[in-house]
Structures are given as C-alpha cells and as structure tokens.
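# I'd like to go over a predicted model; first the sequence, then the structure.
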Amino acid sequence: MTNLNNFNVIKVTDEEKIQVQQEWISSTNPIKAQDSSSSFPNATLAGEGFKILFYLNLLLLAALVISLTLYGLVYAFRSHHFHPKQWYPPLLIATLCGGIVGFKWQWITARNPTKAIRAAFCLSPLLSCAMGVMFVYIGSAPSLAVGARAIENRTMLTALLILVILLSLGWTMQFLKNVLQVTISRVKYMHLFGGEIMDTRVALHDTVKYQTGSVSLGSILVPFISLFRGFARSTSLIGGDNGEVMFSCVSCYMGIASLLVTRGNRWGFVHVGVYTKGFVQASSDTWDIFNRAGLEQLIDLDLTGSFCFLSGMAGGAMCSLVSGIWSIVIHKSYATEISIYAFLIGYFMFRLAMSWPQACVSAYYVAYAENPQSTQFDCTIPVRLEQLQIYQA
C-alpha cells in the first residue's frame with residue numbers, strides 16, 4: 001500500500017489519514033468489511049436530529065400517500081369524475097421511461113462525456129419548449145400554473161396535502177441522490193488517494209447506517225444555498241453598477257452567498273463519506289482545501305452541476321411529453337396534472353442516474369486538492385488553471 005506520509009496533503013490531519021488507512025484495510029478484507037462501525041465516530045447532534053426528522057418525513061409521506069390513494073379510490077366509486085385506470089398508467093409509463101432512459105444516459109455519459117454534455121445543452125431547451133407547446137395545446141393559461149387544475153375541483157385541504165407530499169418527495173429524492181453521491185465519491189476518492197478499490201456495497205451500507213443524518217441535512221441545505229447563490233449571481237450580472245433600489249444590495253447578496261457556500265456545498269459530501277464528518281464541517285473543510293489549493297475559481301466554473309440539472313430537465317420534459325400525449329389521447333381532462341407529475345418523476349429519475357458521474361467529479365476535485373502531486377492525476381486541472389491565468393492577464 002502506498003505510504004501516505006510521502007504525500008504532500010494540504011488539509012487532512014494525521015488522525016484522519018490513519019482512519020482512511022483503517023477503512024482501506026477493512027474494505028479490502030472481506031471479514032473486517034462486515035464490521036466497519038468501529039471506524040465511524042459519534043454522529044453530530046444536528047445530524048441525529050435531521051435523521052429523526054427524515055424518518056418522520058418518510059412516515060408522514062407514506063401516511064399521506066396511502067390516505068389520498070384510498071380517498072381517490074373511494075371517490076372513484078362515488079363519482080364519475082375520477083378514473084384510476086386513466087390516471088395511473090401514464091405515471092407508471094413515465095417512471096419506467098425515466099428509469100430506463102436515465103440509466104442509459106448515464107452509460108452514454110461514461111462512454112462519451114463530450115457528446116453527452118453537448119446533447120444535454122441542446123436537448124434540454126428543445127424538450128422544454130416542446131413541453132410548453134403541449135401545455136398550451138392542453139388548455140388555457142391558468143392551466144399552465146403548477147397545481148392550478150389540481151385544486152380546481154378539490155378542497156384547499158387536499159391541495160395542501162398534495163403540496164406537502166410533493167415537498168416530501170423532493171426531499172426524499174434529494175436524499176437518495178446524495179446517498180449515492182456519498183457512496184460513489186467515497187469509493188472513487190479511496191482509489192484516487194491511495195490506489196485501493198473499496199467494495200461499493202460496504203460504502204453504501206456505511207452511508208445508510210451512519211451518515212443518514214448528515215445526508216438528510218445536506219439534502220435540504222444544498223438546494224436552497226445553490227438557489228440563493230444563483231439568485232445572487234444573476235442579480236449581480238443584471239444589476240452591475242445600476243443604482244436602482246432592487247440592485248442596491250448586490251454586494252450584500254454576494255457576501256451572504258459566499259458565506260453560505262462555505263457551510264453547505266455538494267463537495268462536502270466527499271468528506272462526509274470518507275471522514276464521516278458532519279455535513280457543515282465537511283463542507284467548510286472542503287472549501288478551505290479548495291482555497292488553499294487555488295481551485296476556488298475553477299470550482300465556480302465547473303459545469304457538472306449544470307450538466308446534471310439540464311439532463312434532469314431533459315428527462316423530465318421527455319417523461320412529461322410521453323405521459324401528456326398519452327393523456328390527451330385517452331382523457332384530456334387529466335393531461336395537465338399528469339404531465340406535471342410525470343415531469344417531476346422524470347427529473348428525479350434522471351438526477352438519481354446522474355449522481356454517479358457527479359460523485360466521481362466531486363471526488364476527483366477533492367482528492368486533487370489534497371494531493372496535487374499524486375501520479376493518479378493527469379494534467380487536466382493544471383492546464384485549465386494555466387488557461388484561467390492567461391485569460392485574467
């Protein structure tokens with residue numbers, strides 16, 4: 001095994017190096033791999049709290065879904081306005097289509113990433129426009145608003161329950177995506193940092209058993225922080241030196257965004273898996289490593305997140321078109337709601353599939369930042385840094 005003392009590691013402490021070595025040994029030993037709990041420290045208080053909150057969320061989600069399903073079936077017997085046989089098949093088709101095409105897209109990304117990136121940047125707006133045309137064809141402008149027709153013939157309580165279910169499903173799907181990201185990034189990091197191959201099943205088991213709280217917290221923080229950071233950047237680009245009141249706090253927005261990203265970013269999931277840190281601490285340490293290695297600007301220009309988002313948008317639009325066209329042919333009155341739900345299904349299915357390449361890229365950046373001199377890395381990052389320096393000159 002490669003001696004870690006020969007590495008010029010920027011941030012990782014000696015204790016954490018020993019911990020990683022122990023995990024490598026346990027991951028390559030089929031007997032010790034079954035009992036890896038000794039290498040995991042106690043979870044943080046926030047992590048334990050969000051772990052409990054997430055499990056309560058799952059119970060609430062199951063209860064609401066079962067209740068509304070039973071309500072729909074009972075309502076179907078009493079009224080002729082709801083037909084389950086015309087409602088559920090398009091959504092099942094959307095789920096099947098999203099899963100198959102999503103993981104096929106993952107394979108295409110692995111085989112030819114350049115073409116996959118170009119295709120995502122082209123297909124996402126095209127399919128989104130096609131979906132918009134379909135919504136215009138289905139009905140009037142009010143029907144284009146999310147949930148407008150869903151609450152048209154229902155009580156406000158039912159609409160509120162549907163909103164809670166959608167938010168809960170969003171958190172759950174973010175959690176599943178980030179569980180995969182923590183697992184895959186840990187396996188990839190171990191290979192890049194020490195040349196060892198870790199059993200993916202062991203990594204997944206450890207993530208689910210010991211890191212549920214941190215992943216749950218990160219699944220809430222990262223989307224909101226990313227959204228606010230995008231808003232701050234957009235405001236900065238649009239406002240510039242504009243003296244209008246709306247853009248008077250641009251520097252304030254950017255300052256808050258810069259602070260928040262150090263406390264919650266997707267790169268922190270790498271240290272969550274490798275060093276079993278809390279999510280906030282892992283995000284802070286990872287961002288500090290990037291700053292010390294001079295990679296912050298390169299990280300800001302990374303297109304992996306945009307590529308995964310556009311892939312999700314394309315997948316969601318594709319599933320929405322499939323289910324929407326089906327509904328238009330079978331029962332047009334359901335087409336708007338079914339198309340919206342199909343879009344959400346397709347989007348999250350594609351994001352689940354794209355968590356693998358995103359995790360690999362995250363692990364690559366973090367491992368490089370900790371040890372730029374390692375022979376595991378090629379000249380991609382140094383060349384890109386030189387190009388950025390030339391552009392700034």
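Nice, I can see it. As the structure is a prediction and not an experimental result, all values here were calculated from the model.

# list the buried residues for the host helix or strand of Val74?
Element membership for Val74, per DSSP states H and E: helix 45-78. Neighbour-count burial for helix 45-78, counted by 16 or more other C-beta atoms under 10 Å, picks out 46-47, 50-51, 54, 57, 61. All C-beta spots, glycine's among them, are computed from the backbone N, C-alpha and C.

# could you do stretch 228-237 as well?
Neighbour-count burial for stretch 228-237 flags 229, 232, 235 (criterion: 16+ other C-beta under 10 Å).

# pick the one among the residues you listed closest to Ile256.
Closest approach between these and Ile256, by C-beta to C-beta: Ala232, at 7.2 Å.

# pretty sure the closest one contacts Leu259?
No. Ala232 lies out of contact with Leu259 (C-beta atoms under 8 Å); the separation is 10.9 Å.

# the helix holding Val74 - contacts with which helices or strands?
Packing partners of helix 45-78 (3 or more C-beta pairs under 8 Å, 6 or more residues apart in numbering; DSSP states H and E): helix 84-111, helix 156-194, helix 212-239.

# looking at the ones you listed, spot the one closest to His271.
Across the helices and strands packed on helix 45-78, closest to His271 is helix 156-194 (C-beta to C-beta), at 8.9 Å.

# so the next helix or strand after the closest one versus helix 45-78, what angle?
For helix 156-194, the following helix or strand on the C-terminal side (DSSP H and E) is helix 200-210. For helix 200-210 against helix 45-78, the angle by axes from the mean of the first three to the mean of the last three C-alpha atoms, to 10 degrees is 90 degrees.

# average pLDDT for helix 200-210?
Taken as a whole, helix 200-210 has an average pLDDT of 91.

# so which bits of that helix are buried?
202-207, 210.

# next, format those residues as JSON lines and append distance to Tyr365.
Output for the buried residues of helix 200-210, formatted as JSON lines (distance: C-beta to C-beta, whole Å):
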{"residue": "Val202", "distance to Tyr365": "24"}
{"residue": "Ala203", "distance to Tyr365": "19"}
{"residue": "Leu204", "distance to Tyr365": "22"}
{"residue": "His205", "distance to Tyr365": "25"}
{"residue": "Asp206", "distance to Tyr365": "22"}
{"residue": "Thr207", "distance to Tyr365": "20"}
{"residue": "Tyr210", "distance to Tyr365": "24"}
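
# so which of those comes closest to Leu160?
Nearest to Leu160 among the buried residues of helix 200-210, with distances taken as C-beta to C-beta, is Thr207, at 33.3 Å.

# ok, that closest one - contacts?
Residues in contact with Thr207 (C-beta atoms under 8 Å, 6 or more residues apart in numbering) are 179, 182-183, 186, 215, 273.

# you'd agree Ile93 is up against Trp326?
Yes. Counting by C-beta under 8 Å, Trp326 is a contact partner of Ile93 at 6.6 Å.

# those two - which one has more neighbours?
Ranked by neighbour count (other C-beta atoms under 10 Å), Ile93 and Trp326 place Trp326 first, with 21 against 16.

# distance-wise, check that one relative to Ala94.
Counting by C-beta to C-beta, to the nearest Å, the gap from Trp326 to Ala94 is 9 Å.

# again with Gln373
Separation of Gln373 from Ala94 (C-beta to C-beta) stands at 48 Å.

# more crowded one of these two?
More crowded of Gln373 and Ala94, by other C-beta under 10 Å: Ala94, with 29 against 10.

# from Ile165, how far out is the more buried one?
17 Å.

# for Gly98, same thing?
18 Å.

# name the residue in the two with the higher neighbour count.
Taking neighbours as other C-beta under 10 Å, Gly98 and Ile165 compare with Gly98 leading, 27 against 16.

# residue contacts, that one?
So Gly98 contacts 315-316, 318-319, 345-346, 348-350 (C-beta under 8 Å, 6+ apart).

# try 7 Å this time
For Gly98, the contacting residues are 315, 319, 345-346, 349-350, by C-beta atoms under 7 Å, 6 or more residues apart in numbering.

# again with Gly132
Applying C-beta under 7 Å, 6+ apart, no residues qualify as near Gly132.

# element containing it?
Short version, using DSSP H and E: Gly132 is in helix 113-138.

# tell me how far that helix is from the chain's mean position?
20 Å (C-alpha atoms, centre = their mean, to the nearest Å).

# next, the angle helix 84-111 makes with it.
160 degrees.

# what about helix 113-138, average pLDDT?
92.

# also stretch 284-295?
On average, stretch 284-295 scores 91.

# stretch 344-355 too?
Mean predicted confidence for stretch 344-355 is 93.

# any buried residues in it, and which?
344-355.

# adding secondary structure, write the residues you listed out as JSON lines.
Shown next, in JSON lines, are these (DSSP: H, G, I helix; E, B strand; the rest coil):
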{"residue": "Leu344", "secondary structure": "helix"}
{"residue": "Ile345", "secondary structure": "helix"}
{"residue": "Gly346", "secondary structure": "helix"}
{"residue": "Tyr347", "secondary structure": "helix"}
{"residue": "Phe348", "secondary structure": "helix"}
{"residue": "Met349", "secondary structure": "helix"}
{"residue": "Phe350", "secondary structure": "helix"}
{"residue": "Arg351", "secondary structure": "helix"}
{"residue": "Leu352", "secondary structure": "helix"}
{"residue": "Ala353", "secondary structure": "helix"}
{"residue": "Met354", "secondary structure": "coil"}
{"residue": "Ser355", "secondary structure": "helix"}
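
# out of those residues, who's nearest Ser283?
Ser355 (17.5 Å).

# need the pLDDT of the nearest residue to the closest one once chain neighbours are set aside.
Once flanking residues are discounted, Ser355 sits nearest to Leu180: 4.2 Å by C-beta to C-beta, 6 or more residues apart in numbering. As predicted, Leu180 sits at a pLDDT of 94.
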